[in-house]
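Engineer: Quick one, fold the following:
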Amino acid sequence: MIYPYINVWAVLVSTVAFWALGALWYSPLLFSKRWQKEVGFKEEEITKTNMAMVFGLSFLVMLLMTWALNFVINSHKAEEVSMLQGLQYGLFTGFFFSMLTMGINYLYQRRSVVLWLIDGFYVMLGLGIAGMILGAWR
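Structural biologist: Sure thing, here's the model as predicted:
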């Protein structure tokens, strides 16, 4: 197998953008209260959590996701992929691989559709943004 070119800076920047979307998505400005209600977390539980570990590990997982997305996007010749096509790759993989996988898990876990929509669209949009960056920064 031939490994495509990896633009380390594009992967890092797209990971930071993905992570920053999560900071906004799960903030009081957007979905934090509804997400907290759907998950069943009390405020005390959240304050007792080692957030540095949660943030660090989530960044690492997002780094792996954006690296894999970069791999998929760069499997083509450089001139064949644009920012718009990168967005399409990100949204496609986010929906068909991540969001639908979450949907299966949430069905078995008896989680709400609202929680699935909050979490699923976050990943789909995060990978869409990452794809845009990776598609544009070649």
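
Engineer: Could you check how many residues crowd around Gly40?
Structural biologist: Residues lying near Gly40 (other Cβ atoms under 10 Å) number 9. Glycine gets a C-beta too; all of them are placed from N, C-alpha and C.

Engineer: now swap in Thr47 and tell me
Structural biologist: Neighbours of Thr47 using other Cβ under 10 Å come to 8.

Engineer: next one: Gly120
Structural biologist: Gly120: 20 neighbours (other Cβ under 10 Å).

Engineer: Could you find the closest non-adjacent residue to it?
Structural biologist: Distance criterion Cβ to Cβ, 6 or more residues apart in numbering; nearest residue to Gly120, sequence neighbours excluded, is Met99 at 3.7 Å.

Engineer: With Phe18 instead?
Structural biologist: Gly126 (4.1 Å).

Engineer: Which positions in the host helix or strand of that neighbour come out as buried?
Structural biologist: Gly126 belongs to helix 113-136 when assigned by DSSP states H and E. Using 16 or more other Cβ atoms under 10 Å as the test for burial, helix 113-136 gives 115-136.

Engineer: And that helix, what does it pack against?
Structural biologist: helix 8-25, helix 32-39, helix 51-73, helix 83-93, helix 100-108 (3 or more Cβ pairs under 8 Å, 6 or more residues apart in numbering; DSSP states H and E).

Engineer: In this structure the residue nearest to Phe18 contacts Leu21, no?
Structural biologist: Yes: checked against Cβ atoms under 8 Å, the pair Gly126 and Leu21 is within contact range at 5.0 Å.

Engineer: Give me the residues contacting the helix or strand of the chain with the lowest mean pLDDT.
Structural biologist: The weakest-scoring helix or strand in the chain, judged by mean pLDDT, DSSP states H and E, is helix 43-47 (a mean of 82). Contact partners of helix 43-47, identified using Cβ atoms under 8 Å, 6 or more residues apart in numbering, comprise Gln36.

Engineer: So what's the residue count around Tyr5?
Structural biologist: Neighbour tally, Tyr5, other Cβ under 10 Å: 9.

Engineer: sec struct for it, please.
Structural biologist: coil (DSSP: H, G, I helix; E, B strand; the rest coil).
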